[in-house]
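S.K.: Whatever this is, show me its structure:
(2 chains)
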Amino acid sequence: MNKDHQYIIPEAFSDEEKKIWSILEEIPDPEVPVLSIMDLGIVRNVILHQNTPPAGGDRGVEVVITPTYSGCPAMDVIAMNIRLALFENGFKKIKITTVLSPAWTTDWMSEEGKQKLKEYGIAPPNPRQQVCNNDLFAPHEAVQCPQCNSYHTHRVSEFGSTACKALYQCDDCKEPFDYFKCH
Amino acid sequence: MNKHLIDYTLHLADNALILGHRNSEWCGHGPVLEQDIAITNISLDLIGQARNFYQYAATLLNAQKVSPPAGGGDLEGAVTEDNLAYFRNSSEFKNILLTEQPKGDWAQTILRQFFFSACQIYLFDKLKESKDEQIAAIATKSLKEITYHLRWSSEWVIRLGDGTEESHDRMMKAIILLWNYTDEMFLPAEYELQMLNNSVGSDVTLLKESWMQKVKEVFSEAGLTIPLTSTMHTGGKEGKHSEHLEEILKELQSVARAYPTATW
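M.R.: Alright, predicted model coming up:
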């Protein structure tokens, strides 16, 4: 497995656990389908319950997820897609739990995910320590154009087509592009 | 303790829902496309915060086995976030009056968002340390978004105040219209006092100084002045609302009340 993968499935996991994690790796984010929910860092944990009452027998699977932004409308779709994917793979008792703490950050996005974003035409988030300047009228972050790699770009709007993106334009190749903003 | 915690959670939820709804009225009507998207993104954040608080309030109500409001309840008869948003009457809403005022022009919307975010950022910074883990988690999560909202609205207050004669006049009019609703943020309701005593809430009276400091700082750069007025409108936190809330709820709740058993 790629060593940059931030979610290497531990060898210590049972076959069943490994199977669940690999199913989750295949579930795309509905808004940015080039990324899986694992690339985004949305899945926080998977718990295999032993003979969950009251039915018993069938082991319950609990998937713990966290939203990117409080109002992210994709969360309901993501929860449903997790349920469907696990169901198709023979898991019958599925529970999806949402946690808010610790709060999601773009630092959890995998390196592979950042690369995939760029290839898709969305500039990946800059490391957090470099930005997140709250001064008014602060200079915009230097964001690299995903088309021509120029840093000669400017921010058109801090808010974009989804809560997690800002709108930029490249001053060299003139292409407008989305920037997955640091959070 | 529990009734106060539920009221406190609903107060935080209602503030976010009603302001989120007001801002959403700009959807498709923003002055320019980018700012239309900005204000609707802010709506989405606020409605998301409201959902988190309503879900928590529903959990607390269900733990007490409280019956859902008329027409509400899920298949097992439990209270849901939707019941709390769609099936409570205006006198049960605990949002501050500032949030329910009409959106007005762009200046009024910007100024209201600035007043609200400048208070919310200091309040939630305290709530991060709340003894109630869920309130602390929601506050921590929301703070990242509030930081954007405050920066964006501050910049717009300056841009308009220090812009043209027309934009400056409109900002001054907005200040006169909205200033009288600001004190309510810093006057605690009974449930806020109770939550302060339980280390769940924060002392809202202490937020006023930081808030005023922020307002003065932005106003001075914008060339705007704070009006001299002593009349302050209050009561929203206790469910005493203006007619504007009725108007919002009529629209916001109409589909859910007409088709209470509908599902998506």
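
S.K.: Does residue A:180 touch residue A:121 like I think?
M.R.: No: between residue A:180 and residue A:121 there is no contact under CB atoms under 8 Å: 11.1 Å. (Glycine included, C-beta is placed from N, CA and C.)

S.K.: more neighbours, the two?
M.R.: residue A:180 (26 against 13; other CB atoms under 10 Å in any protein chain shown).

S.K.: Once you drop chain neighbours, what's closest to that one?
M.R.: Of all residues not flanking residue A:180 in the chain, residue A:125 sits nearest, at 4.9 Å (CB to CB, 6 or more residues apart in numbering or on different chains).

S.K.: Ok, residue B:252 next?
M.R.: In space, and not counting its chain neighbours, residue B:252 is closest to residue B:21: 5.7 Å by CB to CB, 6+ apart.

S.K.: quick one: what helix or strand has the one you found in it?
M.R.: helix B:2-24 (DSSP states H and E).

S.K.: So which other helices or strands are in contact with that helix?
M.R.: helix B:33-63, helix B:81-86, helix B:97-100, helix B:106-127, helix B:133-161, helix B:190-197, helix B:243-258 (3 or more CB pairs under 8 Å, 6 or more residues apart in numbering or on different chains; DSSP states H and E).

S.K.: swap the cut-off to 6 Å and go again
M.R.: The contact analysis (3 or more CB pairs under 6 Å, 6 or more residues apart in numbering or on different chains; DSSP states H and E) places helix B:2-24 against helix B:33-63, helix B:97-100, helix B:190-197.

S.K.: ok, and for that helix, which residues are buried?
M.R.: B:4-24 (16 or more other CB atoms under 10 Å in any protein chain shown).

S.K.: rewinding a little: for the residue nearest to residue A:180, give me phi and psi.
M.R.: Dihedral angles of residue A:125 (phi, psi; degrees, to the nearest 10) stand at phi -60, psi 140.

S.K.: And residue A:120, by the same measure?
M.R.: According to degrees, to the nearest 10, residue A:120 has phi -80, psi -20.

S.K.: Could you double-check that it lies in contact with residue A:34?
M.R.: Yes: if you go by CB atoms under 6 Å, residue A:120 and residue A:34 touch, sitting 4.1 Å apart.

S.K.: Looking at chain A, which residue is nearest chain B?
M.R.: residue A:71 (2.5 Å; CB to the nearest CB).

S.K.: pLDDT-wise, which helix or strand of chain A ranks last?
M.R.: Sorted by mean pLDDT, DSSP states H and E, the helices and strands of chain A end with strand A:153-157, the least confident at a mean of 90.

S.K.: Give me the angle between the helix or strand that it is followed by and strand A:153-157.
M.R.: Moving toward the C-terminus from strand A:153-157, the next helix or strand (DSSP H and E) is strand A:165-170. Between strand A:165-170 and strand A:153-157, the angle comes out at 140 degrees (axes from the mean of the first three to the mean of the last three CA atoms, to 10 degrees).

S.K.: Now tell me what touches strand A:165-170 from outside.
M.R.: For strand A:165-170, contacts defined as CB atoms under 6 Å, 6 or more residues apart in numbering or on different chains pick out A:143, A:145, A:150, A:153, A:155-158, A:160, A:176-181.
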